[in-house]
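Chemist: Generate a structure from the sequence data that follows.
(chains A and B)
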Amino acid sequence: EDQVTQSPEALRLQEGESSSLNCSYTVSGLRGLFWYRQDPGKGPEFLFTLYSAGEEKEKERLKATLTKKESFLHITAPKPEDSATYLCAAPGENAGNMLTFGGGTRLMVKP
Amino acid sequence: DTGVSQDPRHKITKRGQNVTFRCDPISEHNRLYWYRQTLGQGPEFLTYFQNEAQLEKSRLLSDRFSAERPKGSFSTLEIQRTEQGDSAMYLCARSSFGNEQFFGPGTRLTVL
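Modeler: Got it, this is the predicted structure:
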């Protein structure tokens, strides 16, 4: 059974304090690893897709990396507006690309 | 703008009532997905359509749930005889040629 696990569940940072979020997966026939940002009461917002080990993608203060078993979302010098829940997901080996999501990491950045 | 709108954004209903949600993706996106998200959890897959054909349904989708996508454009998700356990955010997502899925704002359902 496909599984995606995120840690930590919650993370409190001071503004400017860099850190990383972890996403580990056991998905057969991985066809991409996706990161989303979700603000309270809203739908997930697409951030990145990673397809192969060693791949990296960046967007402002966020950088996503991928190994054969894990993905990391690195947040450099975060600001309060980066506070959100970050979700990772993988489509697995199914024709419809249905996503299996992790439980998310709730990030709070204090000024 | 993710190109997906959902209506209503919020729905409060009493247990036992039927509710229907609508999802409108922008055109040219042939795959449409429904997910359910409860508080503090990641979204869980419910069902998906390729054009007008419903090709996969999760075991989460009990016989009280039905989804349609007439003419391969908008989609509806109906829940009959709602239960308190149905309270959740119902999310719709679109996808076309790539694997990326883009989500709408969701419909928050509260069953009293």
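Chemist: C-alpha only now, for contacts and for neighbours.
Modeler: Fine.
Chemist: can you pull the contacts of the closest residue to B:Gln101 other than its chain neighbours?
Modeler: Using CA to CA, 6 or more residues apart in numbering or on different chains and skipping residues adjacent in sequence, the residue nearest B:Gln101 is B:Ser95, 4.9 Å away. By CA atoms under 8 Å, 6 or more residues apart in numbering or on different chains, the residues touching B:Ser95 are B:29-32, B:101-102.
Chemist: Point me to the residue sitting closest to the centre of chain B.
Modeler: For chain B, B:Trp34 is the residue whose C-alpha lies nearest the centre (CA atoms, centre = their mean; 3.6 Å).
Chemist: circling back: secondary structure for the contacts of B:Ser95 - can I get that in CSV?
Modeler: Converted to CSV, those look like this (DSSP: H, G, I helix; E, B strand; the rest coil):
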residue, secondary structure
B:His29, coil
B:Asn30, coil
B:Arg31, strand
B:Leu32, strand
B:Gln101, coil
B:Phe102, strand
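Chemist: Widest-spaced pair of these?
Modeler: Spanning the widest gap among the contacts of B:Ser95 are B:Asn30 and B:Phe102, at 12.6 Å by CA to CA.
Chemist: hey, what's in contact with both of these two?
Modeler: B:94-95.
Chemist: Tell me which of these two has more neighbours.
Modeler: Per other CA atoms under 10 Å in any protein chain shown, whichever of B:Asn30 and B:Phe102 has more neighbours is B:Phe102, with 22 against 17.
Chemist: how near is the more buried one to chain A?
Modeler: 6 Å (CA to the nearest CA, to the nearest Å).
Chemist: Who are the contact partners of that residue?
Modeler: So B:Phe102 contacts A:44-46, B:2-4, B:93-95 (CA under 8 Å, 6+ apart).
Chemist: Just give me the least confident of those.
Modeler: Lowest in pLDDT among the contacts of B:Phe102 is B:Thr2, which has 81.
Chemist: Wait, it touches B:Phe103, no?
Modeler: Yes - with contacts counted by CA atoms under 8 Å, B:Thr2 reaches B:Phe103, the gap being 6.5 Å.
Chemist: ok, these two, which is more surrounded?
Modeler: B:Phe103 (28 against 17).
Chemist: Once you drop chain neighbours, what's closest to the more buried one?
Modeler: Residue nearest to B:Phe103 in three dimensions, not counting chain neighbours: B:Ala93, with 4.1 Å by CA to CA, 6+ apart.
Chemist: now A:Ala89
Modeler: A:Phe101 (4.2 Å).
Chemist: Kindly check the end-to-end length of stretch B:98-112 for me.
Modeler: End-to-end distance of stretch B:98-112 (CA to CA, to the nearest Å): 40 Å.
Chemist: Off-centre distance for that stretch?
Modeler: Centroid separation for stretch B:98-112 versus its chain: 6 Å, with CA atoms, centre = their mean, to the nearest Å.
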